[in-house]
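> Got a predicted structure plus its sequence, pasted below:
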Amino acid sequence: MQLRDASQEDLPGLLPAFLPVFRAVVADGETYAYPETLSDSEIGALWFERPPGRTVVALDDTGALLGSAKMGPNRPGRGAHIATASFMVAERARGQGVGRALAEDMVRWAATQGYAGIQFNAVVQTNRAAVLLWQALGFEILGTVPGAFESSRHGRVGLHVMFLPLAPA
């Protein structure tokens, strides 16, 4: 597996491969609250970050997309010292370490960029694989907003706010 940065110039080549991953993850209704009606261009604008943010793709040996992560400041202005990130892994690539590789890359990046920590604002409580991965990487659950996510399989479930402090660079 190869991880590489994806720039705005890469968008025409990468977006067609990413669209089915994005749409499948959102349609599954278990991890993201994005509307299912987003256009191709809206998905591209949402996922492919501009500086100071960053988007990374994971590719297999043939160049096929396995997953992607986007990262950057959690909030603008006085909140820009804390990073955040989002991750999507193609269904066929789950359980193969793609999410972990993207997550470890994001933590390294945030530390080298001088962020004081990483905050995830909305980790779906029933997304057990993600919660366990983040906890294995040192994230703590700071709190849970009860019933804040409409899971397609579980009904209303909580959203965890998770945090990882980073040592100053």
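Now that the structure is in, tell me what you want to look at. Numbering: from 1, shown residues only.
> Only C-alpha atoms from now on, for both contacts and neighbour counts.
OK.
> Find out how far whichever helix in the chain runs longest is from the centre of the chain, if you would.
Counting by DSSP state H, the longest helix found in the chain is helix 11-28. Relative to its parent chain, helix 11-28 has a centroid offset of 13 Å by C-alpha atoms, centre = their mean, to the nearest Å.
> same question, stretch 64-73
With C-alpha atoms, centre = their mean, you get 6 Å for stretch 64-73.
> next one: stretch 151-165
For stretch 151-165, the distance to the chain centre is 14 Å (C-alpha atoms, centre = their mean).
> which residues touch it?
Here stretch 151-165 makes contact (C-alpha atoms under 8 Å, 6 or more residues apart in numbering) with 28-31, 116-126, 138-150.
> what mean pLDDT does it have?
Per-residue pLDDT over stretch 151-165 has a mean of 98.
> Restricting to C-alpha, output that stretch in CSV.
Coordinates of each C-alpha in stretch 151-165 appear next as CSV, following Å, rounded to 0.1, in the frame of the first residue of the first chain:
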residue,chain,number,x,y,z
SER,A,151,-27.9,5.2,12.5
SER,A,152,-29.5,3.2,9.7
ARG,A,153,-29.2,0.0,11.8
HIS,A,154,-29.4,1.1,15.4
GLY,A,155,-31.6,4.2,15.4
ARG,A,156,-30.5,7.2,17.4
VAL,A,157,-27.0,6.6,18.9
GLY,A,158,-24.4,8.8,20.6
LEU,A,159,-21.6,10.8,19.0
HIS,A,160,-18.3,10.7,20.9
VAL,A,161,-16.0,13.7,21.1
MET,A,162,-12.5,12.2,21.1
PHE,A,163,-9.1,13.9,21.8
LEU,A,164,-5.4,13.1,21.5
PRO,A,165,-3.0,15.6,23.0
